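S.K.: sharing a model prediction with you, sequence too.
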Amino acid sequence: MPMKNKVLILLALIATLTAPAQVKIPKGANVFTYHQIEYGERNDTSIITVERNPDGSIVILTPKPEGKLIPGYCQTVTSVDYAADSITVTAYYADSAYYYRTAFSRSDIEWRRDGKKRICSINSNTLEFEMDENAPVNVNPLPYYGLNKGVLRSFTRNGQKRLVLAKAEKVKHTSWETSRVWPSRRVSPRELDRIMKERLVVTTRIFDHEQICWGKQNAHVDGGLGAVPFDTVLHYAGGTLILKKVKLPHLQTNYQHFVELHQRSNGDAYDRTGSVFVILPTSEKSFFDGINNHPDSLPVFTGRDGQRYQGMMKSGNYEPPIELVRFFTPFGVGHFNDRMRGYGIDWRDETFYRQEITDIYNHITNDYRIPYVIIGAWIGNYDGGGHLLTMDIKSYPKGIHVLNAEESEFPSEIIPLFNTCNVLEMAGQNYGKLFGTDSLTVTFRLEDQPASAKLRYISTGHGGWGEGDEFVPKTNTILIDGKPAFTHTPWRQDCGCYRDLNPVSGNFWNGLSSSDFSRSGWCPGTATQPVYFDLSPWADGKEHTLTVAIPQGKPVEGMFSHWAVSGVLLVEY
């Protein structure tokens, strides 16, 4: 068949699916079936059924999907009483917990007519309702836009058909028992919406209002990583580093995972580097050895500058920590707000960081070799009050069905390569200033033909004076086998957007604040986003070298620049 004819047939099929329904409504019809349409296609499982009661009220049902459903899924039932102009929604959960809300139909909508259509605009969306106002009954499966007397035949949003009447029939016995009494709790519409969403989200609390400061006694665990107690917060590096051993929920691959951090000053007035990282129990020697003992117990790289750099690169049976989030505290948010009133700025109470970590989460929870992880958080500071930090990992479903084994797991590998973010700074770990005289080089090997292989890379420059690398853009070059393969210049020019997080940032004669200045990949009060580089061209089973080269600035009068870079290989087969 010629391609032109195939296209015409496809267009005709789409037009048939999306054309306004001309369903006859028999006398006494009490069951109305609507098809939901997404982007011109109708899914047979996307059906709304409206059942009409003898008293004229209606019940709107969405059928419970077949198959095994994710935890937290609920079926909703909406009852509309036209006489009382009221709407009641009930959320039905499999654990027999019921919640309901009552709301009146919208009366603040301004309608206009176009023939049989009633049209309104809400939040920049144009909504069109084709109503059969001559019908002897009232049936509207979208009552929150107004009850609109008559029978809804089609609903269109922004020119795209979204709902059509597919069938109207008279049924002797309807499927819904309107007299059924359920245990219930009355809540507001917004509270019900919150409950329904929260029950779908899997929340793993990691740290709860923990203080990260200088002056605490260091913990010590005899027996190494395996002897660390579960769900116990341990303080190291004088209190500037906190750790917890946790079992992360093993969830399907159709979840998205986010780290959420809440941070506020507890006395420290300065912008500080922070990092959330993971230590895996898969290598013979881990970064935990340096935390639990001393950084000098880790593999050491001696630079041309004669300085020792501890535990920053993969070496033999040693793996550096995997960085989840690099974040930066602002200048004194929360603790110093009252001290800085009268500037015409409403200072925020805390800093909130939210970053997706789905790629790493799936790798460290779908691998049978990883029964648990150590999660750490660090904020570099020498203040006795320091900072307060709360951290959650929140997992959001992307679909309502539980996947089968083939869909929910995949063969994967995660390879930590390097991390120069010196989270053991206050225990004696050196800064990442090796780039002034050296480059950073590690080796890697990828099996042939992976589905994907990428480097997750985070880089921020530091050196807090006018010509320090904090304030000067520097190109990061990544070389494979000695040849330039990728470049990245970390730079943020939007730091002025976060002025209301920095009550005690330095203020200058010209009206600018130091927190306004552009920086090398970060701003006070933000998290730095990772960048990704495709390494699949080097997936040939051979060993390759990966080198990071940065033109780090020279020291000036005792001040020095340094770079915090981290890289991990994420491989799927």
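M.R.: Sure, I can see it.
S.K.: low-confidence stretches in the stretch 201-350 of the chain?
M.R.: Within the stretch 201-350 of the chain, no stretch has pLDDT under 70.
S.K.: 80 instead, please
M.R.: Applying pLDDT under 80 to the stretch 201-350 of the chain flags the ranges 342-343.
S.K.: quick one, helices of the stretch 251-400 of the chain?
M.R.: 287-292, 358-365 (DSSP state H, counting those that start in this stretch).
S.K.: equivalent analysis for the stretch 1-150 of the chain, please.
M.R.: 3-18.
S.K.: all strands for it, in order.
M.R.: For the stretch 1-150 of the chain, the strands defined by DSSP state E, counting those that start in this stretch occupy 31-38, 41-52, 58-61, 74-81, 86-93, 98-104, 112-114, 117-122, 125-132.
S.K.: related to what we said a few turns ago, Val568: which of the helices of the stretch 251-400 of the chain is closest?
M.R.: helix 358-365 (7.3 Å; C-beta to C-beta). Bear in mind the C-beta positions are built from the backbone N, C-alpha and C, glycine included.
S.K.: what residues of that closest one count as buried?
M.R.: 359-365 (16 or more other C-beta atoms under 10 Å).
S.K.: sorry, back to before: JSON lines for the strands of the stretch 1-150 of the chain, including mean pLDDT?
M.R.: Converted to JSON lines, these look like this (pLDDT from 0 to 100):
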{"stretch": "strand 31-38", "mean pLDDT": "88"}
{"stretch": "strand 41-52", "mean pLDDT": "72"}
{"stretch": "strand 58-61", "mean pLDDT": "91"}
{"stretch": "strand 74-81", "mean pLDDT": "88"}
{"stretch": "strand 86-93", "mean pLDDT": "86"}
{"stretch": "strand 98-104", "mean pLDDT": "75"}
{"stretch": "strand 112-114", "mean pLDDT": "90"}
{"stretch": "strand 117-122", "mean pLDDT": "92"}
{"stretch": "strand 125-132", "mean pLDDT": "94"}
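S.K.: of those, which stretch is the most buried?
M.R.: Mean neighbour count (mean count of other C-beta atoms under 10 Å) peaks for strand 58-61 among the strands of the stretch 1-150 of the chain, with a mean of 22.
S.K.: please name every helix or strand in contact with that one.
M.R.: strand 41-52, strand 74-81 (3 or more C-beta pairs under 8 Å, 6 or more residues apart in numbering; DSSP states H and E).
S.K.: for that strand, C-alpha coordinates in PDB please.
M.R.: Written as PDB, here are the backbone C-alpha positions of strand 58-61 (Å, rounded to 0.1, in the frame of the first residue of the first chain):
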ATOM      1  CA  ILE A  58     -24.500  10.500  40.200                       C
ATOM      2  CA  VAL A  59     -21.500   8.400  41.200                       C
ATOM      3  CA  ILE A  60     -18.300   8.700  39.200                       C
ATOM      4  CA  LEU A  61     -16.100   5.600  39.200                       C
END
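S.K.: other residues contacting that strand?
M.R.: The contact list for strand 58-61 (C-beta atoms under 8 Å, 6 or more residues apart in numbering) reads 48-53, 77-80, 82, 138-141, 143, 175-176, 178.
S.K.: returning to what we had before: which of the strands of the stretch 1-150 of the chain sits closest to Leu147?
M.R.: Nearest of those (C-beta to C-beta): strand 74-81, 6.9 Å.
S.K.: now that closest one, how far from the chain's geometric center?
M.R.: 30 Å (C-alpha atoms, centre = their mean, to the nearest Å).
S.K.: how about stretch 291-303?
M.R.: Centre to centre, stretch against its chain (C-alpha atoms, centre = their mean), the figure for stretch 291-303 is 33 Å.
S.K.: what of stretch 149-162?
M.R.: Distance, centroid of stretch 149-162 to centroid of chain: 34 Å (C-alpha atoms, centre = their mean).
S.K.: what residues are bridge-paired with Ile534?
M.R.: No Ile there; residue 534 is Asp. Lys454 (DSSP bridges).
S.K.: residue contacts, it?
M.R.: Applying C-beta under 8 Å, 6+ apart, we find Asp534 in contact with 452-454.
S.K.: neighbour-wise, which one of these leads?
M.R.: Using other C-beta atoms under 10 Å as the neighbour criterion, Ala453 leads the contacts of Asp534 with 23 neighbours.
S.K.: just to revisit the earlier point, can you lay out the helices of the stretch 251-400 of the chain as a markdown table showing distance to Gln160?
M.R.: What follows is the helices of the stretch 251-400 of the chain, written out as a markdown table (distance: least, C-beta to C-beta, whole Å):
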| stretch | distance to Gln160 |
| --- | --- |
| helix 287-292 | 52 |
| helix 358-365 | 29 |
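S.K.: Thr489: which of those helices is closest?
M.R.: Shortest separation from Thr489 across the helices of the stretch 251-400 of the chain is recorded for helix 358-365, at 22.9 Å, computed as C-beta to C-beta.
S.K.: give the other helices and strands that the closest one contacts.
M.R.: strand 255-265, strand 322-328, strand 412-419, strand 562-572.
S.K.: would you turn those into a markdown table with mean neighbour count?
M.R.: A markdown table is the format used below for those (neighbours: other C-beta atoms under 10 Å):
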| stretch | mean neighbour count |
| --- | --- |
| strand 255-265 | 21 |
| strand 322-328 | 25 |
| strand 412-419 | 21 |
| strand 562-572 | 24 |
